[in-house]
Every structure is written in structure tokens, then in C-alpha cells.
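> Give me coordinates for this.
(one chain, ligands or ions: 1)
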Amino acid sequence: MRDWHGLHVLVNKSNPLPADFVPKDLVIPEVSFSFSEDHPRKYLRREAAVALERLFAYAQTMGIYLVAASGYRSYETQAAIFANHVERLGTLGANRESARPGESEHQTGLAMDITSKLVGFKLVEEFGSTPEGRWLATHASQFGFILRYPVGKEKVTGYIYEPWHYRYLGENLAHQVTESGLTYEEFLLQEVNTQDD
Ligand SMILES: [Zn+2]
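Residues are numbered from 1 along each chain as shown. All right, here's what the predicted structure looks like:
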């Protein structure tokens, strides 16, 4: 039985969450959001929410203004989003840019999409080359987050480059993964191989 509530859980297109998985400890982090209404996508699991607050506060002291755009997403919401992508892009295109229900890291409550004013609070590739995007890539791991879908790793992660998508792993593991220069998938595989030696 996999521990779907574990902070280190791997969720991707080969490791989907059960349809009935809902994180137990969702809270709204006290950070700036790109929208004002009360919406489930403001939520993160408690530990990730506290870490996000610290990350955003620290960024602000360095003149970097980050804005949260999308956190927790239920199985049902992801199903609707995927269906919408299929309508626009076809199944193949939808699969590159979106996830089938159960396959989205957002269902864990441990992922947050982050943006800034410079890109109109949108989730776009250009964010990666803004001061905010670059600052995040450098400092997020200090607060327990990793850039989950780096550039050029589509074959490994199943996703195009997403400079806005950050995943909470806790400071220790986030630091190790970031230092390794590997994706989370590659990092876990390497761990297994090392144990086999
Ligand atoms: Zn995301």
C-alpha cells in the first residue's frame, strides 16, 4: 500500500493518485494570489503552506514579488481541465500540457504554480527568464520546493518546461534533488540503484 499522504510521494503519468485521494490538512497560505475569490486552488497542505509563506516573505525582502496562482486541485476538477485541453488540442497535445485525473501533482496539495506581474500573472514559459522566475529557481529549495518540470526533460517528467510549477518536498530532500541537477523521477531512480549496489 503506497502512502499517498507522504510528503515525498511521486505522482506522474505512470503513478496516478487514487480518485478518492484528498489531502487531510489543506489550508490557505497567507500569500498574494493572482485572483481574489475564495477558491479550492488557494489551498496547500499545511507544511507546504507554511513553507510557501516563508519563501514569499523572504523573496519580498530581496525585492522579488511572487504571486500564487494555483495549488490544490481535486480529481474532479482535473478531469474537467483535461477534457477542456482535449477539446482545444486533441488528446496528444492535451497530454503534453495537462494531466489526466489522478496524474496531476496538484491533487497532492503539495504543488503551487507561481507567477508575477511582469508576465501578467500568467503561467507562461517567459516567467522562467524574469527576475522572479530566476530567483525562484535559485532559492526555492532553501524553503523545500523544487522546480518540478525543468527545461529539456519532457521525456522524463512527461511535461513541457513549466518554470511556474513548484513542488514541496521538505528542505532536506528539495536541497538534495536540486543539487543533483536531476528531475525527481531521475533522483528516485538513482536512489534505488544506489541501494542495489
Ligand atoms: Zn502546476
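> Quick check: pLDDT value at the residue in the chain that the ion sits nearest to.
At 3.6 Å from the ion, H165 is the closest residue in the chain, using CB to the ion. Every C-beta, even on glycine, is put in place using the N, C-alpha and C of the backbone. Looking at H165, its pLDDT reads 98.
> In this structure, which helix is the longest?
What stands out as the longest helix in the chain, according to DSSP state H, is helix 75-97.
> what does it rub up against?
Helix 75-97 is contacted from outside by 13, 17, 19-21, 40-41, 73, 98-104, 106-107, 154, 158-160, using CB atoms under 8 Å, 6 or more residues apart in numbering.
> picking up where we left off before, shouldn't the residue of the chain closest to the ion be in contact with A111?
Yes: because the distance of 6.3 Å satisfies CB atoms under 8 Å, H165 is recorded as touching A111.
> what touches both of these two?
Shared contacts of H165 and A111 (CB under 8 Å, 6+ apart): E105, R148.
> can you map out the strands along this protein?
Applying DSSP state E to the chain gives strands spanning 26-27, 44-45, 67-70, 111-115, 145-147, 165-168.
> For those strands, give me a markdown table that also has mean neighbour count.
Shown next, in a markdown table, are these (neighbours: other CB atoms under 10 Å):
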| stretch | mean neighbour count |
| --- | --- |
| strand 26-27 | 16 |
| strand 44-45 | 26 |
| strand 67-70 | 21 |
| strand 111-115 | 25 |
| strand 145-147 | 25 |
| strand 165-168 | 26 |
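> buried stuff in the lowest-mean-pLDDT helix or strand in the chain?
Least confident helix or strand, the chain: helix 184-196 with a mean of 87, by mean pLDDT, DSSP states H and E. Residues Y184, E185, F187 are the ones in helix 184-196 that count as buried (16 or more other CB atoms under 10 Å).
> for that helix, packing partners?
helix 154-157, helix 171-180 (3 or more CB pairs under 8 Å, 6 or more residues apart in numbering; DSSP states H and E).
> looking at it, V119 is touching F127, isn't it?
Yes: contact criterion CB under 8 Å: V119 and F127 qualify, at 4.9 Å.
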